[in-house]
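**Q** please find the sequence and the predicted model below.
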Amino acid sequence: MRAGERRQAILEYLRHSSRPVSAGYLAERFSVSRQAVVGDVALLRAAGADISATPRGYVILRASRGLIRHVACRHDAAGMEAELNAIVDQGCDVLDVIVDHPVYGQLTGPLQLSSRYDVGQFLSRCAQEGARPLSDLTGGIHLHTLSCPDEAAFSRVRDALRTLGVLLEG
């Protein structure tokens, strides 16, 4: 398979995947190195493909089902698991994390977390890589973009985060 054909095959695979796909998996599937896949994805992005890299792999983001809402939170790294679980436990998806960096401006990290399993996988990957949360750059202050099925679910998220003492309000 030629490189251009492989890139199109990767794009089609991602379009039809309902979950993030790791570069390692794509490398194995297309019999190339992981670095070749990373390069292919970079070229696809440069050509306009809307591919996001999440902690669990590459994904083409689809239109969210439900309401898009934001919450502002503040906690240290130790509070991350409780915060994320509180959100997914109420039926909302955590689409990303956003911080306002004093030099770079807004930095966004796609998350795409829908369940406790997803949260566990994300935290495991953070620990494995020794990665610190983006919110460490801003004293723990950050936003999350959420996809919620309805206003009631969003209200439950706010109540749960308030109970944890991590919700930033007014």
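**A** Thanks, I have the structure now. All values reported here derive from a predicted model rather than from experimental measurement.

**Q** and the strands in the chain?
**A** 51-54, 57-60, 67-74, 93-101, 105-113, 141-148 (DSSP state E).

**Q** and residue 98, what does it touch?
**A** 106, 107, 108, 109, 142, 143, 144, 145 (C-beta atoms under 8 Å, 6 or more residues apart in numbering). Where C-beta positions appear, they are placed from N, C-alpha and C, glycine not excepted.

**Q** related to what we said a few turns ago, got TSV for the strands of the chain, with distance to residue 129 too?
**A** Listed next are those as TSV, based on distance: least, C-beta to C-beta, whole Å:
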stretch	distance to residue 129
strand 51-54	13
strand 57-60	14
strand 67-74	22
strand 93-101	16
strand 105-113	13
strand 141-148	19
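
**Q** the nearest residue to residue 7 once chain neighbours are set aside - how many residues pack around it?
**A** Once flanking residues are discounted, residue 7 sits nearest to residue 40: 4.8 Å by C-beta to C-beta, 6 or more residues apart in numbering. As a burial measure, residue 40 scores 24 neighbours (other C-beta atoms under 10 Å).

**Q** what does the one 3 residues further on give?
**A** When neighbours are defined as other C-beta under 10 Å, residue 43 has 14 of them.

**Q** and the pLDDT for the residue nearest to residue 7?
**A** pLDDT for residue 40: 93.

**Q** same thing with residue 88?
**A** Looking at residue 88, the pLDDT reads 97.

**Q** count of residues packed around the nearest residue in space to it that is not next to it in sequence?
**A** Distances taken as C-beta to C-beta, 6+ apart put residue 115 closest to residue 88, at 5.6 Å, once the chain neighbours are dropped. Look at residue 115: counted by other C-beta under 10 Å, it has 12 neighbours.

**Q** how about the residue at minimal distance from the centre of the chain, what does it touch?
**A** With distances taken as C-alpha atoms, centre = their mean, residue 111 lies nearest the centre of the chain, 1.0 Å away. Counting by C-beta under 8 Å, 6+ apart, residue 111 makes contact with 54, 55, 94, 95, 96, 97, 122, 144.

**Q** who wins for neighbours among the contacts of residue 98?
**A** Going by other C-beta under 10 Å, residue 142 tops the contacts of residue 98 with 27 neighbours.

**Q** okay, and the beta partners of that residue?
**A** Beta-bridge pairing of residue 142 under DSSP bridges involves residue 73.

**Q** pretty sure it contacts residue 108?
**A** No - look at residue 142 against residue 108 with C-beta atoms under 8 Å: they stay out of range, at 10.2 Å.
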